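S.K.: The sequence and its predicted three-dimensional model are supplied below.
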Amino acid sequence: MFLRVAQILFGRGGLICALNTSASSIALPPGEVLLTSSPLIDGRLAPDSAAWLG
């Protein structure tokens, strides 16, 4: 049995990594966006993308 998780957030030492494995854009957690693997869509994390926030 597999469980599909659409959003994964984890952090360490003030750095947060947000992963979006869904087919839709998602809201980012609060914080300054440091890097994204794809351009943001209206301030949201694009599908199948990651963002690092500080």
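M.R.: Thanks, I have the structure now.
S.K.: need the helices for this protein, in chain order.
M.R.: In the chain, no segments count as helices under DSSP state H.
S.K.: Tell me which stretches of it form strands.
M.R.: Under the criterion DSSP state E, the chain contains strands at 7-12, 15-20, 33-36, 49-53.
S.K.: got those as TSV, with mean neighbour count and mean pLDDT columns?
M.R.: Using the backbone N, CA and C atoms, a C-beta is placed for each residue, glycine as well. Formatted as TSV, the strands of the chain follow (neighbours: other C-beta atoms under 10 Å; pLDDT from 0 to 100):
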stretch	mean neighbour count	mean pLDDT
strand 7-12	11	91
strand 15-20	18	96
strand 33-36	13	98
strand 49-53	19	98
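S.K.: okay, which residue is most central for this protein?
M.R.: For the chain, the residue nearest the mean C-alpha position is A18 (3.0 Å; C-alpha atoms, centre = their mean).
S.K.: Enumerate every residue touching it.
M.R.: Going by C-beta atoms under 8 Å, 6 or more residues apart in numbering, A18 touches 7-9, 26, 28-29, 45, 50-53.
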